[in-house]
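K.L.:
How does the following fold in three dimensions:
(4 chains)
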There are 2 protein chains.
Amino acid sequence: MDQQRARRPRISDVASEAGVSKSTVSIAFNNPERLSPETTARIRAVADALGYRPHPVARMLAQRHTSTLGILTPQALVVAFANPFFSMFSQGVASVAEEFGYGLLFVSPLHGSLARAVTRASVDGFVAIGLSEDHREVEQIRQARLPIVLVDSAAFPEHGSITVDDEAGAFSAAEHLLDLGHRQFLVLAVEPPQPGSEDALAAPALDGVSSRRLRGYRRALEARGIVLGDERVAIDSPTFAGGAAALNRALDSGIEFTGVLAMSDVMAIGAIHAAEERGLKVPEDISLVGFDDIDEAEHTCPPLTTVRQPVREKGAEAARLLLAAVDRRDFEPPEHRRLGTQLITRESTTSIGPRVEEVTRPIEDKQGIGPAN
Amino acid sequence: MDQQRARRPRISDVASEAGVSKSTVSIAFNNPERLSPETTARIRAVADALGYRPHPVARMLAQRHTSTLGILTPQALVVAFANPFFSMFSQGVASVAEEFGYGLLFVSPLHGSLARAVTRASVDGFVAIGLSEDHREVEQIRQARLPIVLVDSAAFPEHGSITVDDEAGAFSAAEHLLDLGHRQFLVLAVEPPQPGSEDALAAPALDGVSSRRLRGYRRALEARGIVLGDERVAIDSPTFAGGAAALNRALDSGIEFTGVLAMSDVMAIGAIHAAEERGLKVPEDISLVGFDDIDEAEHTCPPLTTVRQPVREKGAEAARLLLAAVDRRDFEPPEHRRLGTQLITRESTTSIGPRVEEVTRPIEDKQGIGPAN
DNA sequence: CCGGTTTATTGAACCGGTTCAATTGGAGGA
DNA sequence: TCCTCCAATTGAACCGGTTCAATAAACCGG
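P.N.:
Numbers count the residues shown, from 1 in each chain, chains lettered A, B, ... in the order given. Okay, here's the model as predicted:
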């Protein structure tokens, strides 16, 4: 009994027990139609009796594919899974992975090195999310000689990519607030993922996504003659706490604003609560627009106005592109796809109301937002 | 160039290029200290030049372990990741997996069969969540001869397990509402995960978790002479929509209640919004207590009173138990651990206020909650 | 009864590494 | 000079399957 459990039965055990060759057993499991029904039945019976299961790793090695897709993230999984955005994205990837019978392996830095983790991962390809554009990571990953699809970065034309029109989305968010009469703004920017501990260099300004969104905000504001000073861009982690902290810092610094442009819903939600804790009402005192449109955005208090990006679809498309690249081992040029965004107006934004006169007085206006301020 | 890219270099390429044996190359990568520094350096250089990386699958096969943990769920990943509870749990597992250099593979039913998926998964062990107690799945998984830790079920003493004192948690939730004067209740129960398509049988009443919580609610109510009829238990999926639907059905059916006991925060949040859409105020008209204490619970409107269970810790402990079982290949008895819960009082519950007199009139009371009603 | 197919099965090579006992060469001691 | 010992390196077996060309047996019409 214990001996039985001690060693996992292998294909040769089944073969000898059933009086056939290894090959035949293998065929019985993979191409039963090639065998006589009786043989297949007998082999199956023996296999069941022995409790035999083909060893997945051995099978992978022989077949040269793993039926597994990797989701690559530069953040620790602990922080990634804390972000509803990431979960949503994973849903998208998972939906098509499951449809095609692929498993999902999450790959995050191993002892601070993404490259090392990539080396250890047995997958047929990677969907990479959150990799900063310039990153050598991509370079190193290439060594794995596996197909990879970059999400939110098209910096590597030789790999497939899925992007979202961040700039246009941000533009529409800012314009929405402008249309409501706001003239004094604060941007809540998401901190790029911390570089692995091996990268000694200080965090670069902002990653691709953030800088594209910032550009969108700025373009909209500048179109109405408003310059967004750097002191009005508060950077923090894309968490409830990060959003709260960023808002609090801005409030403490004495900057005046009525419109908050958050680069992530999670930060926006955190900011709402920070604001209310300080006695500011949303949207009466502060209007706030998020980004992403995560499921929770509809259930906050007040429900969040936000820029919807098709997060699940992004994941699904990335997976589709990846599977296509996995299938054709040839070298067709990779695909690049860009998805759109949509402003969802809920209740966290309102026209500036009582302060409208104040704002429309050109001088105060200028004071409030001048670049030197 | 293209030929180079066409075939991935293998260890023998490096060996012959460096003028050493395969073994030496292997050692250079795994036990460099056993080699002379010069040899190691030369081999490393050649390997870099060729772009060689040890093939992860081959390595797994030879070493007989994968450095990967599996998270097993009977639900499709698409639905699992839609549940913040699941993400939180995954965080816990991920935190210890990462700490010990393990990757995370999510395993969900393959073509409707969990057993099939398990067979294909190359992992060193499984953390299983959401498996209904009686399930044959566990039986089948055992065939994989891999260690497994069951979460929320201790029905298999031969496997490790982590449970939470669901009954006590539910008890405290109900008692909280009772203390606030409520006498008419509605329970929002989470639907057990749909059985795989292979299981033809209709969904069983409730899974282990749900029935334990229900028992807790009932015990608390009965201690005050209140019987909870089945018509007061609305079952639906653990989603925002499920919670909303369940509440709406109850409202439509004409059942009267002032206290809602939800078995999941997500359902509770959905229910809050359904209630408010029908013009009912929370907590003035309906008091509502959730279960889990997901991150969002603090940010809903109103903030949710709920039973906190240590979800992350649950995941982390499960992973620890699993790693322990993976390490010792021997047959020490598996560990079983049970974690506690804690009532977190926020603002979705309040004393029944104006209706107190009404409730305290014994006759009406009886009418409202009698088992025949 | 024979050559030509077709069908069921098999042997050997291979996937790409790791492991460990055995070998080699040189340094140190007697 | 010879022997011992140690450090560096290697050969062969192994991990547990899949694959494909080759074989053997059965079948068929002529």
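K.L.:
low-confidence ranges in the stretch 151-300 of chain A?
P.N.:
Along the stretch 151-300 of chain A, segments meeting pLDDT under 70 span A:194-205.
K.L.:
Where do the domain boundaries of chain A fall?
P.N.:
Listed by automatic domain parsing, the domain ranges of chain A are A:2-63, A:68-164+A:311-340, A:166-309+A:343-369.
K.L.:
ok, what's across the strand from residue A:290?
P.N.:
Judged by DSSP bridges, the bridge partners of residue A:290 are residue A:306.
K.L.:
how about it, what does it touch?
P.N.:
A:262, A:264-265, A:267-269, A:297, A:304-307, A:348 (C-beta atoms under 8 Å, 6 or more residues apart in numbering or on different chains). Using the backbone N, CA and C atoms, a C-beta is placed for each residue, glycine as well.
K.L.:
try it again with 10 Å
P.N.:
Shown in contact with residue A:290 (C-beta atoms under 10 Å, 6 or more residues apart in numbering or on different chains): A:173, A:188, A:243, A:260-269, A:271-272, A:297, A:300, A:304-308, A:344, A:346, A:348-349.
K.L.:
now swap in residue A:44 and tell me
P.N.:
A:14, A:18, A:25, A:28-29, A:32, A:52.
K.L.:
Is chain B within reach of stretch A:79-95?
P.N.:
Yes. Applying C-beta under 10 Å from any C-beta of the partner chain, one finds stretch A:79-95 touching chain B at A:79-84, A:86-95.
K.L.:
Mind putting the contacts of residue A:44 into CSV with distance to residue B:156 and pLDDT?
P.N.:
Output for these, formatted as CSV (distance: C-beta to C-beta, whole Å; pLDDT from 0 to 100):
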residue, distance to residue B:156, pLDDT
A:14, 27, 96
A:18, 31, 94
A:25, 30, 97
A:28, 31, 96
A:29, 28, 96
A:32, 32, 93
A:52, 22, 94
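K.L.:
Buried residues in stretch A:89-103, which are they?
P.N.:
Using 16 or more other C-beta atoms under 10 Å in any protein chain shown as the test for burial, stretch A:89-103 gives A:89-98, A:102-103.
K.L.:
Closest one of those to residue A:227?
P.N.:
In terms of C-beta to C-beta, no member of the buried residues of stretch A:89-103 lies closer to residue A:227 than residue A:89, at 33.8 Å.
K.L.:
The closest one and residue A:128 touch, don't they?
P.N.:
No. Shown here, residue A:89 and residue A:128 do not form a contact pair, counting by C-beta atoms under 10 Å, at 11.4 Å.
K.L.:
Now do the shared contacts for the two.
P.N.:
Common contacts of residue A:89 and residue A:128 (C-beta under 10 Å, 6+ apart): A:71, A:73, A:151-152, A:318.
K.L.:
just checking: which of these also lie near DNA strand C?
P.N.:
The subset of the shared contacts of residue A:89 and residue A:128 lying close to DNA strand C, counting by C-beta under 7 Å from any atom of the strand, is empty.
K.L.:
Tell me where the stretch 1-150 of chain A has strands.
P.N.:
Taking DSSP state E, counting those that start in this stretch as the criterion, the stretch 1-150 of chain A carries its strands at A:68-72, A:103-107, A:125-129, A:148-151.
K.L.:
Which secondary structure elements does the second one sit against?
P.N.:
The one in question is strand A:103-107. Packed against strand A:103-107 by the contact rule (3 or more C-beta pairs under 10 Å, 6 or more residues apart in numbering or on different chains; DSSP states H and E) you find strand A:68-72, helix A:77-80, helix A:84-99, helix A:114-120, strand A:125-129, strand B:68-72, helix B:84-99, strand B:103-107.
K.L.:
and residue A:214, what helix or strand is that in?
P.N.:
Per DSSP states H and E, residue A:214 falls inside helix A:208-223.
K.L.:
Residue A:163: what's it in contact with?
P.N.:
Residue A:163 neighbours (C-beta under 10 Å, 6+ apart): A:150-155, A:208-209, A:212, A:314, A:336-339.
K.L.:
Show the buried residues in the residues you listed.
P.N.:
Buried among those (16+ other C-beta under 10 Å): A:150-155, A:208-209, A:212, A:314, A:336-337.
K.L.:
Can you give me every residue that contacts residue A:324?
P.N.:
A:125, A:147, A:149, A:160, A:332, A:334-335.
K.L.:
follow-up on the earlier one: got the domains of chain A as JSON lines, with distance to residue B:221 columns?
P.N.:
Below are these laid out as JSON lines (distance: least, C-beta to C-beta, whole Å):
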{"stretch": "domain A:2-63", "distance to residue B:221": "47"}
{"stretch": "domain A:68-164+A:311-340", "distance to residue B:221": "34"}
{"stretch": "domain A:166-309+A:343-369", "distance to residue B:221": "28"}
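K.L.:
What is the burial count for residue A:255?
P.N.:
17 (other C-beta atoms under 10 Å in any protein chain shown).
K.L.:
Excluding chain neighbours, what is closest to residue A:143?
P.N.:
Leaving out its chain neighbours, the residue that sits closest to residue A:143 by C-beta to C-beta, 6 or more residues apart in numbering or on different chains is residue B:51, at 5.1 Å.
K.L.:
from memory residue A:108 sits against residue A:74, does it?
P.N.:
Yes. Here residue A:108 reaches residue A:74: they are 7.6 Å apart, a contact under C-beta under 10 Å.
K.L.:
For the residue in the stretch 101-250 of chain A that DNA strand D sits nearest to, give me its contacts.
P.N.:
Closest residue of the stretch 101-250 of chain A to DNA strand D, C-beta to the nearest atom of the strand: residue A:122 (13.2 Å). By C-beta under 10 Å, 6+ apart, residue A:122 lies in contact with A:56-57, A:60-61, A:65-66, A:68, A:70, A:105, B:55-60, B:66-68, B:103, B:105, B:122.
K.L.:
rewinding a little: so can I have TSV of the helices and strands packed on strand A:103-107 showing mean pLDDT and distance to residue A:46?
P.N.:
Output for these, formatted as TSV (pLDDT from 0 to 100; distance: least, C-beta to C-beta, whole Å):
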stretch	mean pLDDT	distance to residue A:46
strand A:68-72	96	29
helix A:77-80	94	41
helix A:84-99	97	32
helix A:114-120	91	36
strand A:125-129	95	36
strand B:68-72	96	27
helix B:84-99	97	37
strand B:103-107	97	27
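K.L.:
May I see those arranged in JSON lines, with distance to residue A:324 as well?
P.N.:
Putting the helices and strands packed on strand A:103-107 into JSON lines (distance: least, C-beta to C-beta, whole Å) gives the following:
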{"stretch": "strand A:68-72", "distance to residue A:324": "12"}
{"stretch": "helix A:77-80", "distance to residue A:324": "25"}
{"stretch": "helix A:84-99", "distance to residue A:324": "11"}
{"stretch": "helix A:114-120", "distance to residue A:324": "21"}
{"stretch": "strand A:125-129", "distance to residue A:324": "10"}
{"stretch": "strand B:68-72", "distance to residue A:324": "26"}
{"stretch": "helix B:84-99", "distance to residue A:324": "28"}
{"stretch": "strand B:103-107", "distance to residue A:324": "22"}
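K.L.:
Figure out which of those is closest to residue B:225.
P.N.:
helix B:84-99 (33.0 Å).
K.L.:
by how many degrees do that closest one and strand A:103-107 diverge?
P.N.:
Orientation note: helix B:84-99 sits at an angle of 60 degrees relative to strand A:103-107 (axes from the mean of the first three to the mean of the last three C-alpha atoms, to 10 degrees).
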